[in-house]
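**Student:** Pasting the sequence and the predicted coordinates here, then a few questions.
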Amino acid sequence: MVSNLLLILISFLTYLPALSFFFVGDDYGYLTVDKITTPLFVQPTLYHYVPIPWVILLIVKYFFKTNPFPYHFLVVIIHLINVLLVKKFAKYFFNNEDKWPFICALLFSLYFANYEVVFWITGFFIAISLTFYLLAFNFFARFLHDKKNKNYWLFIIFYLCSILSHEFGVSLLIFCFVYLLLKKGVKKLKEGVGYFLIPVIIFGLVSFIKIIGLTVSPFASPVNLTRWIISVLSFLDYTVYPNPFFWEVIYQINKLSVLTIISLGLILFGMRKIKGVNLQIVVIIMISGLFSVTSWPQMRYLYFLAFSSSLFWTYLLRRINNKLIITLMIVFLITPQWLFIQARAKEWMKASTIAKNVVQSLSSENVCFLAKNKNYPAALGNNRWKAYIIFHPQPLIKFFFNKECFFN
C-alpha cells in the first residue's frame with residue numbers, strides 16, 4: 001500500500017501542470033462530437049476507428065462542456081491507473097517480488113515520452129488503450145497459469161477494448177507472444193500459438209470494417225524501406241536508452257551511422273546473458289517495426305513501449321548486487337527524464353495560454369478570421385518536442401460556440 005501511494009504521489013506531482021492547461025493543439029477538434037451514435041460508426045475521412053474513448057469523452061463533455069480541467073484530470077487519472085497496473089503485472093516477470101515491480105512502475109511513470117499522452121487531452125485514446133492492454137495481458141498470464149476459459153475470454157474482451165481505443169493496441173499480441181515464449185520456452189510454443197487465432201481474426205474483422213468505410217488511406221503516411229528502417233532505429237533508441245537529452249545531441253550530429261552503432265551496441269549488450277532482457281529487446285524491435293509501417297516515431301506511440309523499456313532496465317538493475325549502485329543508476333535514469341517532462345510542461349503551459357487568450361478574444365462572428373490571419377506561432381519547441389497551437393475554425397466554432405462556421 002505504501003509503495004502504491006508513493007507511486008501515485010510521484011506520478012501526480014510530475015504531471016500536475018497538465019491540470020492547469022487549456023485545450024492545446026487539436027484537442028477541441030476531437031470534442032466536437034455531440035451524438036452518442038457518431039463514434040460507433042466508421043467516419044469516412046478519419047483513418048482511426050476508436051469508439052470507446054470517443055464515447056467516454058462525449059460523456060465528459062455532456063457534464064462539463066468546455067471546461068478543460070475534467071478532461072485533463074481524466075487523462076492524468078488514467079495514467080496513474082496504468083502506473084499501478086504496471087506495478088501489479090510486473091510481478092509476472094519478477095516472481096511476485098515487491099521491490100522490482102515498484103522500480104519498473106517508477107521507470108514507466110517517468111518515461112520521458114509519456115508527456116505527450118498525459119499533457120494532451122487527445123492522448124486519452126492511447127492512455128485508455130494501454131489500460132485495456134495491461135488488463136488483457138493480466139488475464140492472458142492468468143490463463144497460461146490455470147487454463148481457465150474465463151481468463152482467456154476476459155483476455156479477448158480487454159484486447160478488443162484496447163484495439164477499439166487505438167489500433168496500436170494490436171501490439172499486445174506481440175507482447176503476449178513473447179511472454180508465452182518466456183514462460184513456456186520454444187519447445188512448448190506450438191501449443192500456445194492457437195491462443196492468438198481469435199485475436200488475429202478479431203483485428204482482421206475490425207480492420208476490414210474500418211477500411212471499407214473509409215474514403216481516405218488507412219495509413220497516416222506512406223512508407224518506404226529507408227523511412228521504415230530509420231523509424232525502427234529511432235523507436236529503438238528512445239526505448240532502449242530513454243535519455244532525451246542524449247538523443248538531442250545525437251540528433252544534432254545527424255548521423256544515422258551513429259544511431260545504428262549505438263542501437264546495435266545496446267542490443268548486443270542486452271543479449272549477453274539475461275533472458276528477460278533478450279525478450280524485451282525482441283518485443284521492442286517487433287513493435288517498433290509494426291508502428292513504423294504506418295507512422296514516424298511520434299512520442300505518444302512510445303507509451304505502448306514504455307512498459308517494455310521499464311522491464312528492460314529493471315532486468316538489468318536486478319543483476320546488480322550493490323544497493324548503492326542500483327540507487328544511483330535509478331537516479332541517473334529518471335532525473336533527466338523528469339527534468340525533460342518539466343521542461344515540456346513549461347512549453348505546453350505557454351502554448352495553452354496562447355490558445356486560451358485567442359479563444360477568449362473570439363466571438364462566433366470573428367472566429368473565421370483565424371482562417372486567413374495567423375499572427376500566433378504554430379507550435380512551441382523544436383521538431384520533435386512540439387507543443388502545438390492549432391486552430392481549425394470550423395471545429396473551434398462548433399465546440400466553443402455551438403455553431404457551424406463556413407468560409408472560403
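**Tutor:** Nice, I can see it. Numbers count the residues shown, from 1 in each chain.
**Student:** What residues sit buried inside the helix or strand Ile209 falls within?
**Tutor:** Here Ile209 sits within helix 197-213, counting by DSSP states H and E. For helix 197-213, burial by neighbour count (16 or more other Cβ atoms under 10 Å) applies to Pro199, Ile202, Phe203, Val206, Lys210. Every C-beta, even on glycine, is put in place using the N, C-alpha and C of the backbone.
**Student:** if you average pLDDT over the helix or strand following that helix, what comes out?
**Tutor:** Downstream of helix 197-213, the first helix or strand assigned by DSSP H and E is helix 225-240. Helix 225-240 comes out with an average pLDDT of 83.
**Student:** Ok, stretch 184-194 next?
**Tutor:** Averaged over stretch 184-194, pLDDT sits at 72.
**Student:** where does the stretch 101-250 of the chain dip in pLDDT?
**Tutor:** 186-188, 214-223 (pLDDT under 70).
**Student:** residue contacts, the one residue sitting closest to the centre of the chain?
**Tutor:** What sits nearest the mean C-alpha location of the chain, by Cα atoms, centre = their mean, is Tyr303, with 2.8 Å. By Cβ atoms under 8 Å, 6 or more residues apart in numbering, the contact list for Tyr303 reads Tyr111, Ala113, Asn114, Glu116, Val117, Gly123, Ile126, Ala127, Leu130.
**Student:** and if we set it to 10 Å?
**Tutor:** By Cβ atoms under 10 Å, 6 or more residues apart in numbering, the contact list for Tyr303 reads 79, 82, 108, 111, 113-114, 116-118, 123, 126-127, 129-130, 133, 166, 168.
**Student:** Now restrict those to buried residues only.
**Tutor:** 79, 82, 108, 111, 113-114, 116-118, 123, 126-127, 129-130, 133, 166, 168.
**Student:** Which ones among the residues you listed map onto strands?
**Tutor:** Assigned to strands by DSSP state E, none of the buried ones among the contacts of Tyr303 qualify.
**Student:** Isn't Met317 up against Cys104?
**Tutor:** Rather than Met, residue 317 is Leu. Yes - using Cβ atoms under 10 Å, Leu317 is in contact with Cys104, at 9.3 Å.
**Student:** if I read this right, Phe73 contacts Val118, doesn't it?
**Tutor:** No - counting by Cβ under 10 Å, Phe73 does not reach Val118; the two are 11.1 Å apart.
**Student:** Now the common contact residues for those two.
**Tutor:** In contact with both Phe73 and Val118: Ala18, using Cβ under 10 Å, 6+ apart.
**Student:** Chain neighbours aside, what residue packs nearest to Ile163?
**Tutor:** Gly169 (4.2 Å; Cβ to Cβ, 6 or more residues apart in numbering).
**Student:** Leu160 is in contact with the one you found, correct?
**Tutor:** Yes - using Cβ under 10 Å, Gly169 makes contact with Leu160 at a distance of 8.9 Å.
**Student:** So for those two, which sits in the more crowded spot?
**Tutor:** Per other Cβ atoms under 10 Å, whichever of Gly169 and Leu160 has more neighbours is Gly169, with 25 against 19.
**Student:** so who does that one touch?
**Tutor:** Counted by Cβ under 10 Å, 6+ apart, Gly169 has contacts 50, 126, 128-130, 132-133, 136, 158-163, 203, 304.
**Student:** quick one: the strands in this structure?
**Tutor:** Using DSSP E, strands in the chain cover 379-380, 387-388.
**Student:** which one of those is the most hemmed in?
**Tutor:** With neighbours taken as mean count of other Cβ atoms under 10 Å, those reach their highest mean count in strand 387-388, at a mean of 22.
**Student:** and that one, what does it pack onto?
**Tutor:** helix 115-118, helix 323-360, strand 379-380 (3 or more Cβ pairs under 10 Å, 6 or more residues apart in numbering; DSSP states H and E).
**Student:** Now render these as a markdown table, adding distance to Pro39.
**Tutor:** Listed next are these as a markdown table, based on distance: least, Cβ to Cβ, whole Å:
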| stretch | distance to Pro39 |
| --- | --- |
| helix 115-118 | 20 |
| helix 323-360 | 24 |
| strand 379-380 | 28 |
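**Student:** do you know how far the nearest residue to Pro297 once chain neighbours are set aside is from Ser288?
**Tutor:** Leaving aside its chain neighbours, Pro297 sits nearest to Ser234 (4.3 Å; criterion: Cβ to Cβ, 6+ apart). Computed as Cβ to Cβ, to the nearest Å, the Ser234 to Ser288 distance reads 8 Å.
**Student:** Overlap in contacts, the two.
**Tutor:** By Cβ under 10 Å, 6+ apart, Ser234 and Ser288 have these common neighbours: Pro297, Leu302.
**Student:** more neighbours, those two?
**Tutor:** Ser288 (26 against 21).
**Student:** sorry, back to before: of the helices and strands packed on strand 387-388, which stretch is the most buried?
**Tutor:** helix 115-118 (a mean of 27).
**Student:** now for it, which elements pack on it?
**Tutor:** By 3+ Cβ pairs under 10 Å, 6+ apart, helix 115-118 packs against helix 2-14, helix 68-90, helix 124-146, helix 323-360, strand 387-388.
**Student:** Report the residue spans of the stretch 251-400 of the chain with pLDDT below the cut-off.
**Tutor:** In the stretch 251-400 of the chain (pLDDT under 70), the answer is 251-275, 362-377, 383, 391-394.
**Student:** Go again with 80.
**Tutor:** Residues of the stretch 251-400 of the chain that meet the criterion pLDDT under 80 lie in 251-278, 294-297, 357-386, 388-400.
**Student:** burial count for Asn224?
**Tutor:** 7.
**Student:** and the gap between it and Ile230?
**Tutor:** Counting by Cβ to Cβ - Asn224 and Ile230 are separated by 10 Å.
**Student:** likewise Leu317?
**Tutor:** For Leu317, the distance to Ile230 - Cβ to Cβ - is 30 Å.
**Student:** and the two? which has more neighbours close in?
**Tutor:** Leu317 (19 against 16).
**Student:** Not counting residues beside it along the chain, what's closest to the more buried one?
**Tutor:** Nearest non-adjacent residue to Leu317 (Cβ to Cβ, 6+ apart): Ile326, at 5.4 Å.
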